[in-house]
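>>> Give the three-dimensional model of this entry:
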Amino acid sequence: MKALAGRIVLGLFIGGVLGYAYQRLVGCRTGTCPLTATPLRAIAYGAVMGLIWATAR
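Numbering: from 1, shown residues only. Alright, predicted model coming up:
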């Protein structure tokens with residue numbers, strides 16, 4: 001059970017960091033892109049993707 005919790009936390013963290021990096025490096029210059037319009041939205045999307053990746057078997 002501890003291993004699964006660790007994978008979940010790690011997936012959320014890494015996904016959030018990658019989401020933020022994507023927003024900063026690629027991003028949307030006009031602010032109209034639904035995914036990368038704000039850093040918080042990109043972090044949340046990245047964290048969800050990290051969670052899915054961490055829990056997939």
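>>> could you point out where this protein is predicted with low confidence?
Along the chain, no part satisfies pLDDT under 70.
>>> where exactly do the helices run in the protein?
Per DSSP state H, the chain carries helices over the ranges 2-25, 39-55.
>>> which residue is nearest the middle of the chain?
Computing the C-alpha centroid of the chain and ranking residues by Cα atoms, centre = their mean puts G46 first, at 1.4 Å.
>>> Who are the contact partners of the residue lying closest to it once chain neighbours are set aside?
What sits nearest to G46 in space, not counting adjacent residues and going by Cβ to Cβ, 6 or more residues apart in numbering, is G19, at 2.0 Å. (C-beta placed from N, C-alpha, C; glycine too.) With contact set as Cβ atoms under 8 Å, 6 or more residues apart in numbering, G19 has these partners: 42-47, 49.
>>> Try it again at 6 Å.
42-43, 45-46 (Cβ atoms under 6 Å, 6 or more residues apart in numbering).
>>> Out of these, flag the one nearest to I8.
Within the contacts of G19, distances to I8 taken as Cβ to Cβ reach their minimum at G46, with 14.4 Å.
>>> wait, that closest one sits on L18?
Yes: between G46 and L18 there is a contact at 5.0 Å, judged by Cβ atoms under 6 Å.
>>> and the nearest residue to V48 once chain neighbours are set aside, what is it in contact with?
Nearest non-adjacent residue to V48, counting by Cβ to Cβ, 6+ apart: G15, 7.0 Å away. Contact analysis of G15 by Cβ under 6 Å, 6+ apart lists 46-47, 49-50.
>>> With distance to T32 added, can I get these in TSV?
Formatted as TSV, the contacts of G15 follow (distance: Cβ to Cβ, whole Å):
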residue	distance to T32
G46	20
A47	23
M49	22
G50	25
